[in-house]
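A.B. asks: What would the 3D arrangement of this be:
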Amino acid sequence: MPDTPLLDQVKIPADMRDFDIAQLKQLADEVRTETIDAVSVTGGHLGAGLGVVELSVALHHVFETPKDILIWDVGHQCYPHKILTGRRDRIRTLRMGGGLSGFTKRAESEYDPFGAAHASTSISAALGFAAARDQKGESNRVVAVIGDGSISAGMAYEAMNNAAEATNGQLMVILNDNDMSIAPPVGGMSAYLARQVSGGAYRQVRNIGKKFVEHMPRPFRNAARKAEEYARGMVVGGTFFEELGFYYVGPIDGHDMDNLVPILKNAAAITDRPVLVHVVTQKGKGYAPAESSADKLHAVVKFDVVSGKQSKPVSNAPSYTKVFGTELIKRAERDPSIVAITAAMPSGTGLDLFGAAFPDRTYDVGIAEQHAVTFAAGLAADGMKPVCAIYSTFLQRGYDQVVHDVAIQSLPVRFAMDRAGLVGADGSTHAGSFDIGFMGALPGMVLMAASDEAELAAMIATSLEIDDRPSAFRYPRGDGVGVDIPELSAPLEIGKGRVVREGTAVALLSFGTRLQETLKAADALAAKGVSATVVDARFAKPLDEELILRLAREHEALITIEEGAMGGFGGFVLQMLASKGALDSGLKIRTLHLPDVFQDQDSPVAQYAAAGLNAEHIAAAALQALGVEASRAVRA
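C.D. replies: Numbers count the residues shown, from 1 in each chain. Predicted coordinates:
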């Protein structure tokens, strides 16, 4: 364990409120050491947290949390915050079953007033807290910390546009500029200017000037106001934020505690308008392997602290994400109309591979899923073949655009939905639980789910052949099952499933990557004398009605299996069977899906067991449906 004598004294933020600057610097060093050591054990988001260590210490020193509200956008940088807020003794349970979440979580601590894991929500939430405070006549302060990537999303600007009108008390936004710096600091002069414009003396002179010009004719008043704001904007780069009604302070060095603390104190005293403090930080700060890494060790598995080398398990199969990127390249080499869109996740979606091969045909639109979808719609409307690669959980943010800008116009946008299903340690906020239902509800949509990496390759080929309507294919996080992939996969017949194993008593109808567990369940049933048919549905829309109706006629029970929320594939099958009168014959049907809860982080094995989607549970559902008196349970 690292040597942390000062951190050992800090159980909650109140314990460090009387620390001087030298002590705060030492505390920050110890928090950084503790963060590195903890994440080396658990894995998780490392670089972002290391970049805000000083900021975390300074904020909890200046503000009276939890009375003062502190909201972290996304929340993946909150490990230092958790260490400082009474959770240090559990920090080595990060992202484990029953342990600490990898993000902020209301149920976990009073120091997490608002849960987060999707970007660009913090300013809206903070404004809500500020308005609630004003309604109740209270006087606590509200702070939102948002990164330069997150602030690129439209929601952040919607909130800032509303902020000046929605609250008449203190509201602070910290712009954590840690990568593509909007306006990098210029040494001591920048810090000096930031201290001056945030300080009481400057604001007093400014207020005297404002009172003076109030007695001048309106044109002169407007000119004086613009001159002051633009002059300050030219020096410190804040004109844009000033136009949105914010008092801009910065840019300042987010690792310089000597200036960071007094500037935050000065800014906290500004109550006549919202204030934005522009803080420039270095992602991965203070840990050489992170500083030298291209992604600043954004997300890591367990690693050696000294070398930074991660303990990544060796796999015999490529990841689904890599298969997607590789297969898309094969297709693009033959078709110049194929283009790819990502929303700030090129490596996460595999489009970094595509981007390296076709930089002019790859578009990273930033954290802006709504824009990504409609941008893809525009490309499709003008004859291109856009592939919009977005995590299932993030596509939820662009659903209105999927409906109105893509589906209603029957535009052939292809949606590659990565991280479909459960995601282990990232928990409920990143699970792709709902895409089957919300995409399958749209008229004309073709919706597929890959059962292995070869099927994914075929579904990519299929979607690129569909030129009269939108299509989507889902695939999970992690590695494939090790099957061979053809050099160039042939497209699938739309709306047709495949029978993997023929049986007689029960039909197991799997949609997606639970197929391997379904086959194991069939083996278990065979050991009990129960013959099972196993089908890879491939399509949730359009359904293979002919095949499913045959299964209903020829089997006593039908079990649907999917890694999605209820109301998805199983719901579609039930609706179809009911409309065809196929349930009137006494068919016993069960739908296996994710439980109607938000599942917390855990190992994938534990999550599937809790969801009832492993082989044991699938077999048990089949036996329960058949019943002990099932006359057709055993067939020759």
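
A.B. asks: where are the low-confidence patches of the stretch 101-250 of the chain?
C.D. replies: For the stretch 101-250 of the chain, the stretches flagged by pLDDT under 70 are 179-238.

A.B. asks: ranges for the helices of it?
C.D. replies: For the stretch 101-250 of the chain, helices defined by DSSP state H, counting those that start in this stretch occupy the ranges 122-136, 154-166, 187-198, 200-213, 218-236, 239-243.

A.B. asks: And the stretch 351-500 of the chain, by the same measure?
C.D. replies: 351-357, 369-381, 392-395, 399-401, 435-440, 453-465.

A.B. asks: Now do the contacts for Met172.
C.D. replies: Contacts for Met172 were tallied using C-beta atoms under 8 Å, 6 or more residues apart in numbering; they are Arg141, Val142, Val143, Ala144, Ala267, Ala268, Pro274, Val275, Leu276, Val277. Glycine gets a C-beta too; all of them are placed from N, C-alpha and C.

A.B. asks: Check what pLDDT the last one gets.
C.D. replies: pLDDT for Val277: 94.

A.B. asks: next one: the one 4 residues further on
C.D. replies: Here, the pLDDT recorded for Thr281 equals 92.

A.B. asks: Am I right that it is in contact with Asp148?
C.D. replies: No: with contact defined as C-beta atoms under 8 Å, Thr281 does not count as touching Asp148 (9.7 Å).

A.B. asks: what do those two both touch?
C.D. replies: Asn176, Asp177, Asn178.

A.B. asks: Which of the residues you listed fall within strands?
C.D. replies: Residues from the shared contacts of Thr281 and Asp148 lying in strands, with DSSP state E as the criterion: Asn176, Asp177.

A.B. asks: Now list the buried members of the shared contacts of Thr281 and Asp148.
C.D. replies: Asn176, Asp177, Asn178 (16 or more other C-beta atoms under 10 Å).

A.B. asks: Thr281 and Asp148: who's more crowded?
C.D. replies: Set side by side, Thr281 and Asp148 show more neighbours around Thr281, with 25 against 18, by other C-beta atoms under 10 Å.

A.B. asks: what's near enough to touch the more buried one?
C.D. replies: Gly51, Val52, Glu54, Leu55, Asn176, Asp177, Asn178, Gly254, His255.

A.B. asks: Now the third one. Its backbone dihedrals?
C.D. replies: Pointing back at Glu54 there. The phi/psi pair for Glu54 (degrees, to the nearest 10) reads phi -60, psi -40.

A.B. asks: so how many other residues sit close to it?
C.D. replies: 27.

A.B. asks: so who does the closest residue to Glu545 other than its chain neighbours touch?
C.D. replies: Excluding its sequence neighbours, the residue lying closest to Glu545 (C-beta to C-beta, 6 or more residues apart in numbering) is Met576, at 6.0 Å. Met576 is in contact with Leu543, Glu545, Ile548, counting by C-beta under 8 Å, 6+ apart.

A.B. asks: in the helix or strand hosting Met576, what's buried?
C.D. replies: Using DSSP states H and E, Met576 maps to helix 569-579. Neighbour counts over helix 569-579 (16+ other C-beta under 10 Å) mark Phe569, Gly570, Gly571, Phe572, Val573, Leu574, Met576, Leu577 as buried.

A.B. asks: Just give the nearest non-adjacent residue to the second one, would you?
C.D. replies: Nearest non-adjacent residue to Gly570, counting by C-beta to C-beta, 6+ apart: Thr591, 2.9 Å away.

A.B. asks: for that neighbour, which residues make a bridge with it?
C.D. replies: Applying DSSP bridges to Thr591 gives these bridge partners: Thr560.

A.B. asks: thought Ala380 was touching Ser410?
C.D. replies: No: using C-beta under 8 Å, Ala380 is not in contact with Ser410; the gap is 9.7 Å.

A.B. asks: For the two, work out which one has more neighbours and name it.
C.D. replies: Shown here are Ala380 and Ser410; by other C-beta under 10 Å, Ala380 has more neighbours (23 against 13).

A.B. asks: thinking Val387 is in contact with Ile341, fair?
C.D. replies: Yes: at 7.1 Å, Val387 counts as touching Ile341 under the criterion of C-beta under 8 Å.

A.B. asks: could I get the shared contacts of Thr281 and Asp148 as a markdown table with distance to Gly348?
C.D. replies: Putting the shared contacts of Thr281 and Asp148 into a markdown table (distance: C-beta to C-beta, whole Å) gives the following:
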| residue | distance to Gly348 |
| --- | --- |
| Asn176 | 20 |
| Asp177 | 22 |
| Asn178 | 18 |
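
A.B. asks: Closest one to Asp364 out of the shared contacts of Thr281 and Asp148, please.
C.D. replies: Among these, Asn178 lies closest to Asp364 (C-beta to C-beta), at 17.4 Å.

A.B. asks: how near is the closest one to Val39?
C.D. replies: 17 Å (C-beta to C-beta, to the nearest Å).

A.B. asks: swap in Arg538?
C.D. replies: Taking C-beta to C-beta, one finds Arg538 at 40 Å from Val39.

A.B. asks: Neighbour count for the two, which is higher?
C.D. replies: Val39 (29 against 26).

A.B. asks: OK, contacts around that one?
C.D. replies: Contacts of Val39 (C-beta under 8 Å, 6+ apart): His45, Leu46, Gly49, Tyr79, Leu94, Val300, Phe303.

A.B. asks: Was I right to think Gln282 contacts Asp256?
C.D. replies: No: checked against C-beta under 8 Å, the pair Gln282 and Asp256 is beyond contact range at 11.5 Å.

A.B. asks: Next, the buried residues of the longest helix seen in the chain.
C.D. replies: Counting residues, the longest helix found in the chain (DSSP state H) is helix 21-42. By neighbour count on 16+ other C-beta under 10 Å, the buried set for helix 21-42 is 23-36, 38-40, 42.

A.B. asks: now that helix: how far from the chain's centre is it?
C.D. replies: 26 Å (C-alpha atoms, centre = their mean, to the nearest Å).

A.B. asks: With stretch 431-439 instead?
C.D. replies: 14 Å.

A.B. asks: now that stretch: mean pLDDT?
C.D. replies: For stretch 431-439, the per-residue pLDDT averages 96.

A.B. asks: okay, it in PDB with CA atoms only?
C.D. replies: In PDB, the C-alpha atoms belonging to stretch 431-439 read as follows (Å, rounded to 0.1, in the frame of the first residue of the first chain):
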ATOM      1  CA  ALA A 431     -25.500  -1.800 -21.000                       C
ATOM      2  CA  GLY A 432     -27.200  -2.100 -24.400                       C
ATOM      3  CA  SER A 433     -30.500  -3.300 -23.000                       C
ATOM      4  CA  PHE A 434     -33.200  -1.600 -25.100                       C
ATOM      5  CA  ASP A 435     -32.200  -1.300 -28.700                       C
ATOM      6  CA  ILE A 436     -34.100  -4.500 -29.800                       C
ATOM      7  CA  GLY A 437     -37.400  -2.900 -28.600                       C
ATOM      8  CA  PHE A 438     -36.800   0.700 -29.800                       C
ATOM      9  CA  MET A 439     -35.300  -0.200 -33.200                       C
END
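
A.B. asks: Could you check what's spatially nearest to Ile563, not counting adjacent residues?
C.D. replies: Careful, residue 563 is Glu and not Ile. Gly421 is the one closest to Glu563 (C-beta to C-beta, 6+ apart), at 3.6 Å.

A.B. asks: In contact with that neighbour, which residues?
C.D. replies: So Gly421 contacts Ser392, Ala431, Gly432, Ser433, Arg474, Pro476, Arg477, Gly512, Thr513, Glu563, Gly564, Leu594 (C-beta under 8 Å, 6+ apart).

A.B. asks: Could you do Asp68 as well?
C.D. replies: Asn140, Arg141, Val142, Val143.

A.B. asks: Tell me the buried residues within those residues.
C.D. replies: Applying 16+ other C-beta under 10 Å to the contacts of Asp68 flags Asn140, Arg141, Val142, Val143 as buried.

A.B. asks: State the number of residues packed around the nearest residue in space to Ala163 that is not next to it in sequence.
C.D. replies: Leaving aside its chain neighbours, Ala163 sits nearest to Pro274 (4.6 Å; criterion: C-beta to C-beta, 6+ apart). Residues near Pro274, counting by other C-beta under 10 Å, number 27.
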